[in-house]
Each structure stands twice: as C-alpha cells, then as structure tokens.
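Student: model the structure of this input:
(chains A and B)
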Protein chains: 2
Amino acid sequence: MSSEQRTEINSLGEFGLIEYLTKNIELQNASSILGVGDDAAVIDHFGKQTVITTDLLVEGVHFDLMYTPLKHLGYKSVVVNLSDIYAMNAVPTQIVIGLAISNRFSLEAINEFYEGVYAACEKYDVDLVGGDTASSQKGFIISITAIGEVAPDKYVKRNTAQKGDLLCVSGDLGAAYVGLLFLEREKKIFMESPGVQPDLEGESYVIGRLLKPEARRDIIDFFAEKEIVPTSMIDISDGLSSEIMHICKQSQLGCVLYEEKIPVAEEMKKAAFKFEIDPTACALSGGEDYELLFTIPQSEYDKLTMNEQISVVGYMTAAEEGVQIITKGGNKHPITAQGWNHITKNHD
Amino acid sequence: MSSEQRTEINSLGEFGLIEYLTKNIELQNASSILGVGDDAAVIDHFGKQTVITTDLLVEGVHFDLMYTPLKHLGYKSVVVNLSDIYAMNAVPTQIVIGLAISNRFSLEAINEFYEGVYAACEKYDVDLVGGDTASSQKGFIISITAIGEVAPDKYVKRNTAQKGDLLCVSGDLGAAYVGLLFLEREKKIFMESPGVQPDLEGESYVIGRLLKPEARRDIIDFFAEKEIVPTSMIDISDGLSSEIMHICKQSQLGCVLYEEKIPVAEEMKKAAFKFEIDPTACALSGGEDYELLFTIPQSEYDKLTMNEQISVVGYMTAAEEGVQIITKGGNKHPITAQGWNHITKNHD
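Tutor: Presented below is the predicted three-dimensional model:
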C-alpha cells in the first residue's frame, strides 16, 4: 500500500466513493444492458443460460494484508469467482462486488484494490455491473458474485461423472500452498525482527501462484474448440483430494488416482523440499491452485493429447472400489480429504 | 437466540454446514435450472432480461444483534435486496447468499437466521440457488445478491424522470427510524440497568417496520395489472430526501415536494412525539422504510387513484427550479439529503 497520499474515505461519502470507483467502467458484453448506478444491473440472456456464483473473502481468514498487495487481492478476488464459472463450462460475463472497509483504509488503498479488480475484468472480458460499499468495524471484507452464460444444457456439474471416465487436471498443483508457506515464514521472521529483509529469491513462481492466480479460461476455450464436453468438472480451490472426493461422492463413484501422474512444477518441488514436505502432499491437500479437475469419456482421450496443459491422472471406478491413490512405490491407499494442517504430518 | 441447545459449527465442517443449511430447498422458479451444490447456479432467462443487485450487511454497522432477532435479520437481509429488484420494475427470482460467521455463533443461531431467509424466499417466491459460508474473525457479515427478470426494456431506471411527472411514494415513511430510536433507547437502559424490562408497549408498528420490513411486490404487480410503467423509480432505503435527490440529480431535473402529502402512519407520529422529533423529519431523513419512490406521467394519474397504498407527493420541474419542499405553513425550502444525525437538530 503506497504511503504517498492518504485521502480519508469519509471525505467522499458512500455515493461519492461509488462514483469515484466506477467512473471509468466501460461495459464490454452486449448482454450488459445496464451497469452500476441504479438499484440493480440488467443483463440480457436471450438463448443462453445464466450461471451465478458468489464468494465472501474476509481479512485474517482468507487473506493477510501483511503480504498481500491490495492490487493482487482485487485481481484474485475476481479470479476465484471466475474460476467457479469456468468450472461449469460457462463463460463469465458480469460481476457485482460488495466491499466492507474499516476506516484504517484510505481511498488510495481502495483504489489499488479496484485496479486489480479492473485488471482481472479486462483480462477476462467481464463487466463490473454493480456493487455495494459499506463500512466495517474491523478489517476488509470482499463479496463477489459472478454471472456467466452457457449454451442451453451445456453446463457441466459435479455429479455426472461416469464409471470408466478419465480423471484429468489442468496446469500444475500445490504451488500456491508452498508460496503461502514462504510468505508465512517471512512474516514470522519480520514480526520477530522487523529489520530483516524478506528472502523470497527464486520463489517467484510459487508466490505468484498464490498471490496472482489465473482462472483456466484457456481450457474452456479448448473444450469449445475441440467440441469436448466433460462429464463432470470442479475447480481446485481446496486441494486435489478434497475436489476428487466431491466428484466421487456426488457422482456416486470411486476412482483410482496415480501419484506419478499428478502434475507438479519443478519450482514447486524444489520449494517444497526446502520445507521438507512432500510435493505430492502439497498437490493433494494444498489449496488455492484454481486449476480445473474434470472427467471425460475414454473415447475423447485423443483430443486431450493436443493440450499439454491437461494431465490424465486416473480414472473413475464403481463406488465399491473406493477412492484410491496408487503411490509411486506401487502401494494403494484410500484418499481422504485432508486440510492443509495435515500436510506437515503427511511427509514423515 | 435460544439458549437451549448449542452445536458448534466446527463440528459440521464447511461442507456439512452448507449441506445442513440447504437440504430443504425446493426450487420454485422454472428458470432456476440448477441451485446450491455445484460451483455455480444456472438460471434460464429465455426472452427476459436479468436484473441483479447485491448488498453487504455488517454486524455493528447495519444491525445490532442485541435487539435484532436472527430470524428477523435473515428475513430483512433478503427483503432489502428484493426491494432493489422491485425498484427496477422487475420480479426477483433467485438469490445467492454469503455468510461470514465468527465462532461465537452456534449452529442453532445460524439456523434461526436461515429460517428467516427461507421465510422471505417463500413469501416472495424466490429461490436460494447458491452461496458461500466462511468464518469471520469478528461478528456476522451477510452478503446477498438477488437476481430478477423483466420483460425486455421494461426495467425502470432512476435517470429517466420527465419534467411535469408526478412524484409518488408507496406506503408510509419514517416509521423504521422511530422504531430504531425506541430500540436504541431500550438498549441504553438495559446496558445501564440490566434488570429493567424493556418498555416497548404500543410500539409494535414502528418496531415491526424496522425489524421486519416488506418489499413492495404489490406495487409492481399493480403496475403490471394496470399497465403502468413509471418513468423512474428507486427504493427508499436512506430516507425520502436522499432518494428524491438521486432521481432529480440523475434525471437532471428539479421537483416540488408537498410536506402535507408525505404519507406517515398515525403510530409513527405518536411515537415521534414521544422523542420530541418532527414526523416529517423522520420521513425525509430516516432510512430503511423500503417503500418505492417513482414518477409517472400526469396522464396516468387516474390509474393511481385505485390504489390507496400510493400517494402523490409532488411533481418534477426543470433543474433550474431546484429541489424544493413546500411546508405545511406554505414556505418553500430547498431539500438537502440529510442523514439521520440531522433529524434531532431538525425539529427545533
């Protein structure tokens, strides 16, 4: 947060603040008929179905402003919602945003946050069409609702995977969690010895994955281009295990996951070893990767090989066979949806 | 909040909590194709335009749980959003809800809140189709986004009032503010002498208006039935003055408001006198009435007389004539958008 200038938010009043924050919006989608400035926004969806999702992010719970630049926070807040829209095989078109802010934040700070919001809107061709700004007694609270559109009945749910389907993920996993470990470590050092400069040399990949994630629009575009309709899909926000459990439970199936097939970046592996933790554990239980997990019929396999951003990591089985991982050593274990706390225990 | 039973929210986990809270939802609108339980909800809007609005409510800023029953809070949180949809001349169809809750709240408490949410959904034929539940470090934070539909180009904005149009309001104004004064007074007494029983005898009307407001669906239905399309409309959440200023400013017009025409309930007048404040000041500057303020062409006047819930309170003028109130004594004053703090000063 820059310290050069500080304009008190109170000096604008609520309406002034909204006007200030939204004065440069240019609507990009033909379906955005009316945006910010009235009781509600108006969206036209002739011949399409609307997809909607919402997320609430709370300072101290979902993010730590000690190491999260506000611009990145604004960007990420939008992206995590868009990721949910893409996970429906839909295209995001609009967002509305609610902000509650304590008076410890200046107008410049809020502006930085909105710069990130607008950067994400521009990158993903999404319109900000409304919002609400309120005071909070404490901290920074962000509520974002995203709207998307999809051709009738082309949306993809979690509960429609089929036995025998291939289980696939986009990108690589676990890096955001390791990025978090670095930032938490530096924060701790800083709290104990404020003079020490942060040592994050060489960790830009994992830290970038945490602070500025991207949603996998490219995968949805690829599906459209190749006429692939996944049988089920979910975005990976809580770690691979947890999301696999959702698909299996909701589709009433089991699955086999191959540890050696789980995509992890070299940078993540190196970084994980510095913390003496198992990269696979990070991929399975670390969150916030915002990659896509989906299933497709085996007959579609050939189409997938054209996209190096997609890895086949296993296949769906009958429910009775359970949800299993086959380790690099060839052992079979049941997968459990473990939280981040479990990771440090996992590697020993 | 009942103290009979207390189930810790942690005992369910986030997914368990969502499942628990949403297990009884039955979707009511044909356009609600997919509700809670996936990455996003899916809404079908063939041949209609979608209207969307969002509100963020923060404990200690927007509500005080010392005198706000959680069930009423759930009800009101929904209603204030629906009111924004009706203010577009649209019909609400879906909501999504985000909740951040500190661990001081039990599952029973959250359940009470949701009972109110569901009561409002049922009353207004709205589907809850998604949400997000998070922890907060402190307090109770509610984010609601409402979606509605309207026939193409039938939505009503704030900036389209015409010179000569009649300025109209629904229901009566100022009561919610006086209700708040009573509850704040009783809270103060209770804080000073916890043994004293609250004395709210005879004030059920004004307190009800604050704690359990309704959105004016009936007015929107009446417009549809009588084929009235207001030229502009806004809901009255911040007091009549403030909303009139919005319509005048955005439509680049002035107006004349007659004090004697402002609808106030007898119960509100009596209650205001107990606090020695002017009922007109309460109507002008008190908030949270959730009535509708709208303009219609004079040619539509005859249709309005059939609805005793609608009062004509003035008319729109050229911008140069300013935004004026004509008092009961016949004096003309400029209207300013005054906050609640101004009211006590106003009556002396």
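Student: run through the stretch 151-300 of chain A and note the low-pLDDT ranges.
Tutor: The model of the stretch 151-300 of chain A has no residue with pLDDT under 70.
Student: near chain B, which residues of it show up?
Tutor: Contacts of the stretch 151-300 of chain A with chain B, taken as CB under 8 Å from any CB of the partner chain, map to A:152, A:155, A:157, A:158, A:159, A:233, A:234, A:235, A:250. Any C-beta I mention is one placed from the backbone N, CA and C, and that applies to glycine too.
Student: can I have the buried ones of the residues you listed as a PyMOL selection?
Tutor: Under the burial definition 16 or more other CB atoms under 10 Å in any protein chain shown, those of these that qualify are selected in PyMOL by:
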select buried, chain A and resi 155+157+158+233+234+235+250
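Student: restricted to helices, list the residues of the stretch 151-300 of chain A next to chain B.
Tutor: Counted as lying in helices by DSSP state H, out of those, are residue A:250.
Student: residue A:186 against residue A:199, yeah?
Tutor: Yes - with contact defined as CB atoms under 8 Å, residue A:186 and residue A:199 form a contacting pair (6.9 Å).
Student: and those two? which has more neighbours close in?
Tutor: Higher neighbour count among residue A:186 and residue A:199: residue A:186, with 19 against 11, using other CB atoms under 10 Å in any protein chain shown.
Student: that one is in what secondary structure piece?
Tutor: Secondary structure assigned from DSSP states H and E places residue A:186 in helix A:175-192.
Student: equivalent analysis for residue A:46, please.
Tutor: Under DSSP H and E, no helix or strand contains residue A:46.
Student: hang on, the earlier thing: now the helix holding residue A:186 - C-alpha only, CSV.
Tutor: What follows is helix A:175-192, C-alpha atoms only, in CSV (Å, rounded to 0.1, in the frame of the first residue of the first chain):
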residue,chain,number,x,y,z
ALA,A,175,2.5,-24.4,-5.8
ALA,A,176,0.1,-21.8,-4.2
TYR,A,177,0.4,-23.7,-0.9
VAL,A,178,4.2,-23.7,-0.9
GLY,A,179,4.0,-20.0,-1.8
LEU,A,180,1.9,-19.5,1.3
LEU,A,181,4.5,-21.3,3.4
PHE,A,182,7.2,-18.9,2.2
LEU,A,183,5.1,-15.8,2.9
GLU,A,184,4.1,-17.1,6.4
ARG,A,185,7.7,-17.8,7.2
GLU,A,186,8.9,-14.3,6.1
LYS,A,187,6.0,-12.8,8.1
LYS,A,188,7.1,-14.6,11.2
ILE,A,189,10.7,-13.5,10.8
PHE,A,190,9.6,-9.9,10.2
MET,A,191,7.4,-9.9,13.3
GLU,A,192,10.3,-11.2,15.4
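Student: pull the residues that contact that helix.
Tutor: Outside of helix A:175-192, the residues within contact range by CB atoms under 8 Å, 6 or more residues apart in numbering or on different chains are A:64, A:66-67, A:196, A:198-200, A:203, A:205-211, A:213, A:239, A:264-265, A:267-268, A:271-272, A:275, A:277, A:282, A:285-290, A:340, A:343.
Student: try 6 Å
Tutor: With CB atoms under 6 Å, 6 or more residues apart in numbering or on different chains as the test, helix A:175-192 has contacts from A:66-67, A:196, A:198, A:200, A:203, A:206-207, A:209-210, A:265, A:268, A:271-272, A:275, A:282, A:286, A:288-289.
Student: can you check stretch A:43-58 too?
Tutor: Here stretch A:43-58 has contacts from A:31, A:33, A:77, A:80-81, A:84-85, A:88, A:90, A:94, A:141-150, A:152, B:40-45, B:49-50, B:96, B:98, B:100, B:132, B:134, B:136, B:143, B:145, using CB under 6 Å, 6+ apart.
Student: and what of stretch A:323-339?
Tutor: Applying CB under 6 Å, 6+ apart, the contact partners of stretch A:323-339 are A:241-242, A:245, A:248, A:254-260, A:285, A:322.
Student: picking that back up, buried ones in the helix holding residue A:186?
Tutor: Neighbour counts over helix A:175-192 (16+ other CB under 10 Å) mark A:175, A:176, A:177, A:178, A:179, A:180, A:181, A:182, A:183, A:186 as buried.
Student: how far out from the middle of the chain is that helix?
Tutor: Helix A:175-192 sits 20 Å away from the centroid of its parent chain (CA atoms, centre = their mean, to the nearest Å).
Student: first-to-last residue distance for stretch A:192-209?
Tutor: 26 Å (CA to CA, to the nearest Å).
Student: and residue A:50, bridged to which residues?
Tutor: Taking DSSP bridges as the rule, residue A:50 bridges to residue A:149, residue B:43.
Student: mind listing the helices for chain A?
Tutor: Along chain A, the segments classed as helices by DSSP H run A:13-22, A:70-86, A:107-123, A:175-192, A:204-211, A:217-226, A:240-251, A:266-274, A:279-285, A:301-304, A:341-346.
Student: so which of the ones you listed gets nearest residue B:314?
Tutor: Counting by CB to CB, residue B:314 lies closest to helix A:13-22 out of these; the figure is 22.0 Å.
Student: mean confidence (pLDDT) on that closest one, please.
Tutor: Across helix A:13-22, the average pLDDT comes to 68.
Student: below-threshold pLDDT in the stretch 1-150 of chain A: ranges please.
Tutor: When residues are selected by pLDDT under 70, those of the stretch 1-150 of chain A lie in A:1-4, A:9, A:13-15, A:17-18, A:21, A:37.
Student: which parts of it sit against chain B?
Tutor: By the rule CB under 6 Å from any CB of the partner chain, the part of the stretch 1-150 of chain A lying against chain B is A:38-45, A:49-56, A:58, A:60-61, A:84-85, A:87-88, A:96, A:98, A:100, A:132, A:134-138, A:141, A:143, A:145.
Student: now, those residues that are in strands?
Tutor: In strands, judged by DSSP state E, the following of those are found: A:41-44, A:49-56, A:58, A:96, A:98, A:100, A:132, A:134-135, A:141, A:143, A:145.
Student: mind putting the buried residues of helix A:175-192 into CSV with distance to residue A:318?
Tutor: Output for the buried residues of helix A:175-192, formatted as CSV (distance: CB to CB, whole Å):
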residue, distance to residue A:318
A:175, 33
A:176, 33
A:177, 32
A:178, 35
A:179, 38
A:180, 36
A:181, 38
A:182, 41
A:183, 42
A:186, 47
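Student: closest to residue A:306 out of the residues you listed?
Tutor: Residue A:306 lies nearest to residue A:175 out of the buried residues of helix A:175-192, by CB to CB, at 24.3 Å.
Student: the domain parsing of chain A - what is it?
Tutor: The record's domain parsing of chain A by automatic domain parsing lists A:9-150, A:166-346.
Student: need the winner for burial among those domains.
Tutor: Highest mean neighbour count among those (mean count of other CB atoms under 10 Å in any protein chain shown): domain A:9-150, with a mean of 21.
Student: from the chain's centre, how far out does it sit?
Tutor: 15 Å.
Student: for the closest residue to residue A:301 other than its chain neighbours, give me its contacts.
Tutor: Distances taken as CB to CB, 6 or more residues apart in numbering or on different chains put residue A:166 closest to residue A:301, at 6.2 Å, once the chain neighbours are dropped. For residue A:166, the contact set (CB under 6 Å, 6+ apart) comprises A:296, A:298, A:312, A:315.
Student: any idea how far chain B is from the first one?
Tutor: As defined by CB to the nearest CB, to the nearest Å, residue A:296 lies at a distance of 17 Å from chain B.
Student: in this structure that residue contacts residue A:230, no?
Tutor: Yes - with contact defined as CB atoms under 6 Å, residue A:296 reaches residue A:230; the gap is 5.3 Å.
Student: quick one: common contacting residues for these two?
Tutor: Common neighbours of residue A:296 and residue A:230 are not found (criterion: CB under 6 Å, 6+ apart).
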